[in-house]
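> Here's a sequence, model it:
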Amino acid sequence: MPGKERVQAPHDPSSVVLLAEHERLSDLYLHNAEVGEKRMSLYLTTLSASAAILVGFAQFGAGVASLLWPSVALMAVMLILGLFTFHRLVERRIRAAELLRAINRIHAYFVRHDPSLESYFYWPPCDDGPSFKGGGTALAGLRDMVALLDSLFVGILAGASAAGLWPALLYWAAALVGAATTVTAWLLHQLWERRSLSRAESSAARYVRFPKGWCEKPPQD
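Model (predicted):
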């Protein structure tokens, strides 16, 4: 088109193959992100529906005692769904980091042949990044939100169970049991996440071909 530059398709077979692989990896990355968002949406939708069901029971004049066990059952179901969602979000982070590293490896090929391209890539053309841990990202915030909700459900269930098993137990004592259980569950979620991501980081280290700094002194072919 007049006045616009047109990007010419490369004629080098290696470049054509790598560009096709780049496109495939990009599609997989987008699919991975979309699946994770759908899982999170399903979790939040189910949580909202559960709350609406309890509100509906209350509006029909059900007493507090009659709402206790339905509430416990719904929280148990939400806890199971929350644990599954948390696990999937951790796996989503691992898959996302793997795909981005694979894309960076393709970038390394082009930087090796033309070092001036390095400044045009958002990520350094090294396949040991980004980190699997992904601290400070929106995805980490989603994992923390699910972990918090799971921990609250566990704490409420523990407090309600303590009050049901020991009727003589004071309310503040049952609340203390629930609070301690909530904190413990939160710490276990964080431990689970750190161990899963650290294990993935260690497993991926053996496949690194272009570590950070290689582009400063590219290996000779």
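
> elements contacting the least confident helix or strand in the chain by mean pLDDT?
Lowest on mean pLDDT, DSSP states H and E among the helices and strands of the chain sits helix 138-165, with a mean of 83. Applying 3 or more C-beta pairs under 8 Å, 6 or more residues apart in numbering; DSSP states H and E, we find helix 138-165 packed against helix 13-59, helix 64-113, helix 171-205. (Glycine included, C-beta is placed from N, CA and C.)

> Give me the buried positions along the last one.
Okay, so that is helix 171-205. The neighbour-count check on helix 171-205 (16 or more other C-beta atoms under 10 Å) flags 174, 177-178, 181-182, 185-186, 189, 193, 196-197, 200, 204 as buried.

> The closest residue to H189 other than its chain neighbours and L79, how far apart?
Spatial nearest neighbour of H189, excluding adjacent residues (C-beta to C-beta, 6 or more residues apart in numbering): A147 at 3.8 Å. Distance, A147 to L79, by C-beta to C-beta, to the nearest Å: 12 Å.

> Between those two, which is the more surrounded one?
Neighbour totals were compared for A147 and L79, and A147 leads with 23 against 19 (other C-beta atoms under 10 Å).

> ok, now which ones touch the residue nearest the centre of the chain?
Residue closest to the mean C-alpha point of the chain, counted by C-alpha atoms, centre = their mean, is L89 at 3.0 Å. Going by C-beta atoms under 8 Å, 6 or more residues apart in numbering, L89 touches G36, R39, M40, L139, L142, R143, V146.

> Equivalent analysis for L197, please.
Contacts of L197 by C-beta under 8 Å, 6+ apart are V90, R93, I94, F132, K133, G134.

> any common contacting residues for A147 and L79?
By C-beta under 8 Å, 6+ apart, no residue touches both A147 and L79.

> Give me whichever of the helices and strands packed on helix 138-165 is most buried.
helix 64-113 (a mean of 18; mean count of other C-beta atoms under 10 Å).

> List the single closest residue to L83 in space, sequence neighbours excluded.
D150 (6.1 Å).

> Can you classify F210 as helix, strand or coil?
Put simply, F210 is coil when judged by DSSP: H, G, I helix; E, B strand; the rest coil.

> Thought D127 was touching it, still the case?
Yes: the criterion here is C-beta atoms under 8 Å, and F210 meets it with D127 at 5.0 Å.

> any residues in contact with both of these two?
Jointly contacting F210 and D127 under the rule C-beta under 8 Å, 6+ apart are N104, R105, A108.

> so what's W214 up against?
A108, C126.
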